[in-house]
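1. got a sequence here, can you model it:
(2 chains)
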Protein chains: 2
Amino acid sequence: MSSTPGRVFWQTLNESVWLVHTSVAYDCIYDFLSAKERRHIETELLRPWAVFVMEGTEDNRANLEVFNLMHNHGTWSDVAVGMAGMAMGDDSLVDKALYGTDLTGKNGGFICQLDNLFSPDGYYTEGAYYHRYAIWPFVLFAQCISHYRPGLDIFAYRDSIITKAVSSLLQLSYNGSFLLFNDALEKNFDAQELQYAVDIAYYANPADKSLLSVARDWHGEVIVSDAGYAVARDITAGLAEELRYPSMLLRDGKDGKDGAVALLRNPGSLLFFKAASHGLSHGHYDRLGMAYYDNGNEVLPDYGSARFVNVEAKHKGGYTRENKTYAMQTVAHNTLVVDCKSHYGGKIKQSSEHSPEILSSNVENPDFQYVSATDANAYSGVAMSRWLAYARIPFLEHPLILDVLKAESDEPHRYDLPFHYNGHMVSLNVPYTRSEQAMYPLGEEKGYRHLWLEAEAEGAEGTTSYSWMLGNRMYSLSTATTSRTQIKLVRTGANDPDFNLRSEPAVIIREEGCTDHVFASCIETHGKFDMQTEQAVNLVHSCKSVRVLKDDGDSIEVEYVFINGNSFVLAVNRADNLMQIKQLKYENEK
Amino acid sequence: MSSTPGRVFWQTLNESVWLVHTSVAYDCIYDFLSAKERRHIETELLRPWAVFVMEGTEDNRANLEVFNLMHNHGTWSDVAVGMAGMAMGDDSLVDKALYGTDLTGKNGGFICQLDNLFSPDGYYTEGAYYHRYAIWPFVLFAQCISHYRPGLDIFAYRDSIITKAVSSLLQLSYNGSFLLFNDALEKNFDAQELQYAVDIAYYANPADKSLLSVARDWHGEVIVSDAGYAVARDITAGLAEELRYPSMLLRDGKDGKDGAVALLRNPGSLLFFKAASHGLSHGHYDRLGMAYYDNGNEVLPDYGSARFVNVEAKHKGGYTRENKTYAMQTVAHNTLVVDCKSHYGGKIKQSSEHSPEILSSNVENPDFQYVSATDANAYSGVAMSRWLAYARIPFLEHPLILDVLKAESDEPHRYDLPFHYNGHMVSLNVPYTRSEQAMYPLGEEKGYRHLWLEAEAEGAEGTTSYSWMLGNRMYSLSTATTSRTQIKLVRTGANDPDFNLRSEPAVIIREEGCTDHVFASCIETHGKFDMQTEQAVNLVHSCKSVRVLKDDGDSIEVEYVFINGNSFVLAVNRADNLMQIKQLKYENEK
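-> Just a heads-up that it's a prediction; the model follows:
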């Protein structure tokens, strides 16, 4: 890709997308054209266009590279050529679209993409936003193939990878909005691609009646095809079933060995953990990052991408420079930053060579779901591991997030753990110094230079707690700290000459000069705030103390103590990384 | 009030509110008590409580002052005493509650409050938020009076001022949320006070069937009383009618001579203009201020109050100090600031002595609604006048706000005109210098010290345009400027040690060293942005030029030129302040 200039790359994408739609249009009117008209259109327009998309020009073969590329642009390119080929009855084009220009199916083409871009769980390596984008050509071409080459049985291919991909895409959402990791902007189930995906997937697999409820609740219309007809007919027949969202891991990588993303859910909420591979050119340096959604809001968000689609004044609607200098950088995510540098030095090549390893997970027990992963390659000489649990604690109002992140190194480092949040700062349980008369960036390093330092503090000797409000609830982060811990309250917007960044806050926990360090925290969801009756309950967090009791080769144990003396210990067994709650002690129910 | 210490003042409020509810409770169980029980409750609790609320103690007569005060606290106090009196059958207390401690009805008491706190249009001088708060005791006591002293015909009093007050309160809203001027937080039609107000007003005036739709759509329940029963019965009978929102002026002042607020509406939007009196202790220094609501959003907001009700960590839930130092100050509003000082020197006494004068208005013509007002007292030696129109222009997608604000003085001054907005900055049509490596407050003056200076620019020689996006629309402010004009882009949050301020942006137009100056602007609503289909239209504003053609004793004329050469002239006749669109010239429809 490095040899593909941006302009040409984009040009190809547009040429491909338009060719897809033009081929559909041609197919629609084919029967009404004379042989002469067909010849004219094919000779003068479709075939040269398809060849251009596939091979480029003699002077510039960039398109050929894209055609064989494992990337959503490659998908559009293959599909465009394939559909033009089908519309013209040109099997040579169809074959190349399916199996790559060398026809082996190993070095490019649609089949190769099905083999490589999706994991066995149907996870698309670029993440939810581009999964949503790429699903359109995937399902559209698959539907054409099922008509044109029924013998391929394309929807059964690779254990039904295409319908599986539609299902996993729907799971990568909260309240019908796709999760915002990697390059991502707001997209919902009503995105145009989803109409194609849902209708065609249902036609291919009518056993999945939950697809009908997505079409019914989000689309209100169907695509004009046999697939759309089936969806409309079966919704009318009352066959729709609600889409269920069980907690799950979605493995990444063609063999499912490149880490995973985890979706740990409770009613109304979602804890998302990203321990997947880099995700191609739209990936971010955010190994072991997490996000939290609750009560209809992004509570601990991922920034997504710095982009304003279609807004000419903002870098002509393309990704702004701050996408690379901020949104992709590690400090823009809820994960560990070592020495203020991004994972893998912010180098996509290095980052793409390694994936995190899932250490353990349990998504079956609704009272105690957990997942853990490790990445020993993001920083030279520093291994990082994170154990995340989403636990129902009998004396707490809402499920509690338990977060243990360990950095291990022989050399001393600066460890920063940011928690980006939405909402308004309510309290920090230590005195802090607010930037009142002047405000400066947090640092000069990549990502850091975009953060205004709004306030700073020394951590509490024991536990530092930070509370904020969002919607009608409160959220509190409590972390084991010492007076050497530094707390940085920051807000995006520094070094942003064109106002390309949104103004959003974060709290950063900083440990200076540590070799090994365990960040032990919990995130409470609590309280209810009703502005109409002015009634408020439980606005103060319950967690009084977070303490690392033990941290050795055998296990990590973290004690959480709450008001009224309630407490428990979170234990991680390092041999198998199983996690459990021990010594649960409580006087009162919630 | 200055002699009333805050603590005692608040204590009285709570005592009053509780006494209201306790009296209701006592009345409910009265028939089930023995004579002895009644005597015990009245002697030991209700009467001393009522006397305390009315008179305070021998050592502290502050309560007496509150009892006779024209203020929502006075209302609660009178109503508490009156309802306790009714529950006990104590006519002496009832009389004092109705007519004040001197029984004249001129110096305090409920009737005096009905005479003074509401304008002939039913506008409550503290503004919508406290109107909502005060309406509860007003309607509750009125309902009791109608039972206890039916001869008073209280609901007919002063041309039905009580039901008129409920109607005007409902009008001071956008999409069911009350407007945020003066001290105000988010309150909707589902606020508990509205259930009482709507139900009791309907019972008093069942001709107003629109009240039923408010109860149906926002409450879903009724108060337990004959009023609530009537509402439930008539909703069930299908009698509810939609509440209409015609454009209107609501005059302020007991005689309707203390200015007014204007509500200029188009379908889905509202232009609000405040040319009313100070509004007692919860008033802000915001004469001739405006706010704009569109597409479900506060586009040009009023900050409202700096307060976090019930959030202990935020000044115990009371008004934070930033309410006085920022939220009340003039620069926090969309109106003229002279020499960086607030109106009336930020002194409530002076501000309460004067009211703006409405110069002209027309709310009848939906194609061209307007209102204008002047205030010659807010600044010594500077008169300010503002002419606002909300016009349907044939070639524009949405109605256009036309804004002409004139400052007149013999001495040179610095004139600042802020536009606070919600949304994300998209473009400014002149080069600007962004605060990249350091950020400082805009100034040291009151209000100014809370604004971070995010960027600054010299105005365009001609017209400066500023665009931002909010929801799925664009908004653009275009103002006649010169290269001597300064543009300041600011954001709240400086000198805010406790994070009490929300982080919100504004653009300020600054004219330095002017004697007379006309700020001539328009605010366009344009474009549509659909992230689901990635379709965007009309994202660039149409107004190319705003120019003051004429400004003399006879008239002000402002020329607005749009793309494609479309143009018109806004003319203000200074003799009668009538406004009109002249010389409308256009090639194409919208």
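2. wait, does whichever helix or strand A:Tyr130 is part of contact chain B?
-> Using DSSP states H and E, A:Tyr130 sits within helix A:128-148. No - against chain B, helix A:128-148 shows no contacts by CB under 8 Å from any CB of the partner chain, the least distance being 9.9 Å. (C-beta placed from N, C-alpha, C; glycine too.)
3. name the helices or strands packed onto that helix?
-> With contacts defined as 3 or more CB pairs under 8 Å, 6 or more residues apart in numbering or on different chains; DSSP states H and E, the packing partners of helix A:128-148 are helix A:6-29, helix A:72-88, helix A:91-99, helix A:110-116, helix A:157-171, strand A:177-178, helix A:192-204.
4. now the longest strand along chain A: how far from the chain's centre is it?
-> Longest strand of chain A, by residue count under DSSP state E: strand A:368-379. Chain-centre distance of strand A:368-379: 16 Å, with CA atoms, centre = their mean, to the nearest Å.
5. tell me the secondary structure for the residue lying closest to A:Asp551 once chain neighbours are set aside?
-> Nearest non-adjacent residue to A:Asp551, counting by CB to CB, 6 or more residues apart in numbering or on different chains: A:Val518, 5.3 Å away. Under DSSP: H, G, I helix; E, B strand; the rest coil, A:Val518 falls in the strand class.
6. what do you get for A:Glu42?
-> Criterion first, three-state DSSP; result for A:Glu42: helix.
7. what strands line up against the longest strand of chain A, and which way round?
-> strand A:357-362 (antiparallel), strand A:382-391 (antiparallel) (DSSP bridges).
8. direction included, what does the helix or strand following the last one pair against?
-> Think strand A:382-391. Scanning forward in sequence from strand A:382-391 by DSSP H and E, the next helix or strand is strand A:400-409. Note on strand A:400-409: by DSSP bridges, its sheet partners are strand A:382-391 (antiparallel), strand A:517-526 (antiparallel).
9. so which of the ones you listed comes closest to B:Phe529?
-> Among the strands paired with strand A:400-409, the nearest to B:Phe529 by CB to CB is strand A:517-526 (32.3 Å).
10. grab the most central residue of chain A for me.
-> Taking CA atoms, centre = their mean, the centroid of chain A lies closest to A:Phe181, which sits 3.1 Å from it.
11. can you tell me the SS state at it?
-> Per three-state DSSP, A:Phe181 ends up coil.
12. now do A:Gln583
-> Secondary structure, three-state DSSP: A:Gln583 is strand.
13. count of neighbours near it?
-> Using other CB atoms under 10 Å in any protein chain shown, A:Gln583 has 11 neighbouring residues.
14. also A:Ser213?
-> 16.
15. which residues are in contact with it?
-> A:240-243 (CB atoms under 8 Å, 6 or more residues apart in numbering or on different chains).
16. per-residue confidence at the spatially closest residue to it that is not a sequence neighbour?
-> Counting by CB to CB, 6+ apart, A:Ala240 is the residue found nearest to A:Ser213 once chain neighbours are left out, at 4.3 Å. If you check A:Ala240, the pLDDT there is 98.
17. what's the distance between A:Ala240 and chain B?
-> 21 Å (CB to the nearest CB, to the nearest Å).
18. my read: that residue touches A:Leu212, true?
-> Yes - A:Ala240 lies in contact with A:Leu212 (CB atoms under 8 Å); the separation is 3.6 Å.
19. okay, those two: which has more neighbours?
-> Higher neighbour count among A:Ala240 and A:Leu212: A:Leu212, with 27 against 19, using other CB under 10 Å.
20. from B:Leu405, how far off is the more buried one?
-> 57 Å (CB to CB, to the nearest Å).
21. picking up where we left off before, show me what contacts the residue nearest to the centre of chain A?
-> A:127-128, A:261, A:272, A:274, A:284, A:286, A:289, A:291, A:302, A:304.
22. let's see that with 6 Å instead.
-> By CB atoms under 6 Å, 6 or more residues apart in numbering or on different chains, the contact set of A:Phe181 is A:127, A:274, A:302.
23. excluding covalently adjacent residues, which one is nearest to A:Gly74?
-> Excluding the flanking residues, the one nearest A:Gly74 by CB to CB, 6+ apart is A:Val66, at 5.7 Å.
24. A strand includes the one you found, no?
-> No - A:Val66 is assigned helix when assessed by three-state DSSP, not a strand.
25. any part of the helix or strand of chain A with the lowest mean pLDDT near chain B?
-> Taking mean pLDDT, DSSP states H and E as the measure, chain A has helix A:6-29 as its least confident helix or strand, at a mean of 82. No - judged by CB under 6 Å from any CB of the partner chain, helix A:6-29 stays clear of chain B, getting no closer than 11.4 Å.
26. what about that helix, distance to the chain center?
-> Here helix A:6-29 is found 27 Å from its chain centre; the criterion is CA atoms, centre = their mean.
27. now do it against helix A:128-148, angle only.
-> Orientation of helix A:6-29 against helix A:128-148 (axes from the mean of the first three to the mean of the last three CA atoms, to 10 degrees) gives an angle of 40 degrees.
28. remind me what helix A:6-29 packs against, helices and strands.
-> helix A:47-55, helix A:62-67, helix A:72-88 (3 or more CB pairs under 6 Å, 6 or more residues apart in numbering or on different chains; DSSP states H and E).
29. re earlier: just checking: which of the contacts of A:Phe181 also lie near chain B?
-> Answer for those near chain B: none qualify (CB under 6 Å from any CB).
30. with respect to B:Gly318, which of those residues is nearest?
-> Closest to B:Gly318, out of all of the contacts of A:Phe181 and judged by CB to CB, is A:Asp302, at 36.2 Å.
31. how near is the closest one to chain B?
-> For A:Asp302 relative to chain B (CB to the nearest CB), the value is 17 Å.
32. ok, A:Glu357 next?
-> Counting by CB to the nearest CB, the gap from A:Glu357 to chain B is 36 Å.
33. same check on A:Glu353?
-> Distance, A:Glu353 to chain B, using CB to the nearest CB: 33 Å.
34. please name the nearest non-neighbouring residue to that residue.
-> Setting aside the residues directly before and after it, A:Glu353 is nearest to A:Asn377 in space (CB to CB, 6+ apart), at 7.8 Å.
35. equivalent analysis for A:Ile135, please.
-> The nearest residue in space to A:Ile135 (CB to CB, 6+ apart) is A:Ala197, at 4.5 Å.
36. from B:Tyr285, how far out is the one you found?
-> Computed as CB to CB, the A:Ala197 to B:Tyr285 distance reads 56 Å.
37. tell me which of those two has more neighbours.
-> A:Ala197 (30 against 26).
38. still on that earlier bit, isn't the residue nearest to A:Gly74 right up against A:Thr75?
-> No - with contact defined as CB atoms under 6 Å, A:Val66 does not reach A:Thr75; the gap is 10.0 Å.
39. returning to that earlier point: got the strands paired with strand A:400-409 as TSV, with mean neighbour count columns?
-> Output for these, formatted as TSV (neighbours: other CB atoms under 10 Å in any protein chain shown):
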stretch	mean neighbour count
strand A:382-391	24
strand A:517-526	24
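40. mind giving me CSV with the ones you listed and columns for mean pLDDT?
-> Shown next, in CSV, are the strands paired with strand A:400-409 (pLDDT from 0 to 100):
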stretch, mean pLDDT
strand A:382-391, 98
strand A:517-526, 98
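41. for the longest strand of chain A, buried residues please.
-> A:368-375, A:377-379 (16 or more other CB atoms under 10 Å in any protein chain shown).
42. in contact with A:Phe138, which residues are there?
-> Applying CB under 6 Å, 6+ apart, no residues qualify as near A:Phe138.
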